[in-house]
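Asks: Below is the sequence, then the predicted model.
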Amino acid sequence: MATETPTLVELAEQILAQAKEIESALPSSPTFVNDTISKLPSDLEKTRKSLIDTTETLNALLRGAGGPVGRIFDKCYTYPDELALHVIYHFRIPQAVPMDGQISFAELAAKVKVDETQLIRILRHGMSIHLFHEPTRGQVAHTADTALLVTDHTLFDLVGTLLEDLRPAGLAFPTAMEKWPGSQEADQTGWQVAYDTSMSMYDHICQYPERISRFSNHLTQIARFDPRASEHFASAYPWGDLPPGSTIVDIGGGNGQYSVAVAERYSHLNFIVQEKPGVSVEGAATLPAHLKDRIKFMDHDMFDSQPVKDADIYFMRHVFHNWSDKYCVEVLKKLIPALKPGAKVLACDLCIPDVGERAEVERREVTRIDLMMMSLYNARERDVEQVKDLFEAADDRLDFQKGYTLEGCMDKICEATWKG
Ligand SMILES: C[S@@+](CC[C@H](N)C(=O)[O-])C[C@H]1O[C@@H](n2cnc3c(N)ncnc32)[C@H](O)[C@@H]1O
């Protein structure tokens, strides 16, 4: 509400106080060429997110010149920003600019084989959003951002996946909404419209070696963003309260990395990692010797009846967000005959925070992934209430308990107990 919005001066004062706090913790103030913000101590992460929120609020208030029209313009005109980055990716322009020093537009155009005039126009716009800079007229040099696109190939592949492969599905999504209103099927999305295929996104992309390779690198890049994810997972839930010898089933567990994290911390627990055939091969082969008697791997399709009866915990980490409600409920129903009274079912996913619970910039990180899941698979991210609804829809004897917050990330572990 307008009455609750701080004044411009109040916002500016908040920004000054937070900027001073951040700057005093850095070796030097960050620039677009020297990115020191990555050296910020983790205990100031909350302040950094809050400062982003405050600056965005101030910026948005000032943008509304002539009414909110400026803000609407800003949203629509991200399209040329994406176009500039897309061209920069497509023609591998970062790799053609010297890491130290500079190159003329003419030389660069010849090197990447594009028309010089088009290149200048693309890069001059790119420079306005910190993609390269022009140290002297007619010369191109790296900013911290474009240099990173050279040194970090998984980040480069993330750009390619998002802009070349996934973005067309987003553009086509309104048509998919008209064609298949409210669909919960993974083969009725923007992807099928954009690529004129009946295959689901993952099956389709697998047919193109270059695309699937950059897609898996983009997943690696996302995982690197939170290198302590398995640690957070292992510390968020009271695993230590389980009796010795308890059995935990990790459904859709990939290479078992989250079972490994909990097993390393709690030596009294046993794990069974279930996956589609072939998925866990590497995890099984590289399992540390001291965990071999406590972690087993098993082929199992989660849409079939659960073969491991009477386990203490069944957990699914980052499984439900790949599926629409209908399929999540089906997976839960397949568990029911295996559950003993008191067994716990845990669903861990990115969780959409309530408004005000986290910085707005963090909330948006989840809602934007939610829209990607929708446009690509008709899947979704959920808030705690929506996970609770899944448990209730599967069986009212699955008694929802609570959502455990994970320190340092946006995941929550939602817990239900089987009442029997
Ligand atoms: C996003 S990954 C999560 C992997 C792991 N739990 C983690 O948190 O890193 C989703 C996993 O679900 C698995 N999966 C998909 N369909 C499945 C099915 N029908 N049965 C068992 N696992 C399945 C995939 O193979 C994939 O490893």
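Replies: Perfect, I can see it now. Residues are numbered from 1 along each chain as shown.
Asks: Which SSE is immediately downstream of whichever strand or helix holds Glu362?
Replies: Using DSSP states H and E, Glu362 falls within helix 360-377. Sequence-wise, the next helix or strand downstream of helix 360-377 (DSSP H and E) is helix 384-394.
Asks: Residues touching that next one, excluding its own?
Replies: 320, 325, 328-329, 332-333, 336, 345, 347, 349, 351, 380, 382, 398-400, 403, 412, 414, 416 (CB atoms under 8 Å, 6 or more residues apart in numbering). Placement of C-beta: from N, CA and C, glycine included.
Asks: Mind checking which of the residues you listed are in strands?
Replies: Within the contacts of helix 384-394, residues falling in strands by DSSP state E are 345, 347, 349, 398-400, 403, 412, 414, 416.
Asks: ok, the residues you listed vs His130, which is closest?
Replies: Asp349 (32.4 Å; CB to CB).
Asks: Surely the closest one touches Phe320?
Replies: Yes: using CB atoms under 8 Å, Asp349 is in contact with Phe320, at 5.5 Å.
Asks: Give me the common contacts of the two.
Replies: Residues touching both Asp349 and Phe320 (CB under 8 Å, 6+ apart) are 382, 387.
Asks: The two: which has the busier surroundings?
Replies: Remark: of Asp349 and Phe320, Phe320 carries more neighbours, 26 against 23, as counted by other CB atoms under 10 Å.
Asks: Show me what the worst-scoring helix or strand of the chain on mean pLDDT is packed against.
Replies: Ranked by mean pLDDT, DSSP states H and E, the weakest helix or strand in the chain is helix 69-76, scoring a mean of 84. Counting contacts by 3 or more CB pairs under 8 Å, 6 or more residues apart in numbering; DSSP states H and E, helix 69-76 is packed against helix 45-63.
Asks: isn't Phe215 right up against Gly160?
Replies: No: the pair Phe215 / Gly160 is not scored as a contact, 9.0 Å apart, by CB under 8 Å.
Asks: number of nearby residues for the residue in the stretch 51-200 of the chain positioned nearest to the ligand?
Replies: Across the stretch 51-200 of the chain, the shortest distance to the ligand (CB to the nearest ligand atom) belongs to Ala186, at 10.7 Å. Neighbours of Ala186 under the rule other CB under 10 Å: 21.
Asks: before we move on, what about the one 5 residues further on?
Replies: The criterion is other CB under 10 Å. On that basis, Trp191 has 28 neighbouring residues.
Asks: ok, back up a step: residues in contact with the residue of the stretch 51-200 of the chain closest to the ligand?
Replies: By CB under 8 Å, 6+ apart, the neighbours of Ala186 are 200-201, 324, 377-379.
Asks: pLDDT score assigned to it?
Replies: At Ala186, the pLDDT value in this model is 96.
Asks: and what of Met1?
Replies: Reported pLDDT for Met1: 34.
Asks: Kindly report the same for the one 4 residues further on.
Replies: Note on Thr5: pLDDT of 80.
Asks: you'd agree it is up against Thr57?
Replies: Yes: Thr5 is within contact range of Thr57, at 7.4 Å (criterion: CB under 8 Å).
Asks: Comparing these two, which residue is more hemmed in?
Replies: Neighbours were counted for Thr5 and for Thr57 using other CB under 10 Å; Thr57 has more, 17 against 12.
Asks: The nearest residue to the more buried one once chain neighbours are set aside and the ligand: what is the separation?
Replies: Excluding the flanking residues, the one nearest Thr57 by CB to CB, 6 or more residues apart in numbering is Leu11, at 6.1 Å. Leu11 sits 39 Å away from the ligand when distances are taken as CB to the nearest ligand atom, to the nearest Å.
Asks: Leu11 is in what secondary structure piece?
Replies: helix 8-24.
Asks: How far away from the center of its chain is that helix?
Replies: 29 Å (CA atoms, centre = their mean, to the nearest Å).
Asks: That one - contacts with which helices or strands?
Replies: Against helix 8-24 (3+ CB pairs under 8 Å, 6+ apart) you get helix 45-63.
Asks: re earlier: okay if I get the contacts of Ala186 as CSV plus neighbour count, pLDDT and distance to Asp165?
Replies: Output for these, formatted as CSV (neighbours: other CB atoms under 10 Å; pLDDT from 0 to 100; distance: CB to CB, whole Å):
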residue, neighbour count, pLDDT, distance to Asp165
Ser200, 19, 95, 14
Met201, 23, 94, 9
Ser324, 19, 97, 22
Tyr377, 25, 95, 14
Asn378, 24, 97, 18
Ala379, 21, 97, 17
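Asks: Please identify which of these is nearest to the ligand.
Replies: Lowest distance from the ligand to these (CB to the nearest ligand atom) belongs to Ala379, with 10.3 Å.
Asks: so what's the closest residue to Pro341 other than its chain neighbours up against?
Replies: Excluding the flanking residues, the one nearest Pro341 by CB to CB, 6+ apart is Gly420, at 3.3 Å. Gly420 sits next to 339-342, 397 when contact means CB under 8 Å, 6+ apart.
Asks: and if you look at Pro94?
Replies: Pro94 touches 88, 142, 146-147, 149-150, 156, counting by CB under 8 Å, 6+ apart.
Asks: out of those residues, which is most surrounded?
Replies: Counting by other CB under 10 Å, top hit in the contacts of Pro94: Thr146 with 25 neighbours.
Asks: out of everything not next to it in sequence, what's closest to it?
Replies: Distances taken as CB to CB, 6+ apart put Pro94 closest to Thr146, at 4.8 Å, once the chain neighbours are dropped.
Asks: The one you found: helix or strand, and which one exactly?
Replies: Element membership for Pro94 (DSSP H and E) is helix 93-96.
Asks: Centre of the chain to that helix, how far?
Replies: 26 Å.
Asks: Any of the contacts of Gly420 buried? List them.
Replies: By neighbour count, with 16 or more other CB atoms under 10 Å, the contacts of Gly420 hold Leu339 as buried.
Asks: Now, the contacts of Gly420 that are in strands?
Replies: In strands, defined here by DSSP E, there are no members of the contacts of Gly420.
Asks: Just name the closest of the contacts of Gly420 to the ligand, please.
Replies: Using CB to the nearest ligand atom, Leu339 comes nearest to the ligand of the contacts of Gly420, at 17.9 Å.
Asks: so how far is Val345 from the residue nearest to the closest one when sequence neighbours are not counted?
Replies: Here the nearest residue to Leu339 in space, its sequence neighbours aside, is Trp418; by CB to CB, 6+ apart that works out to 4.0 Å. In this view, Trp418 and Val345 are 7 Å apart by CB to CB, to the nearest Å.
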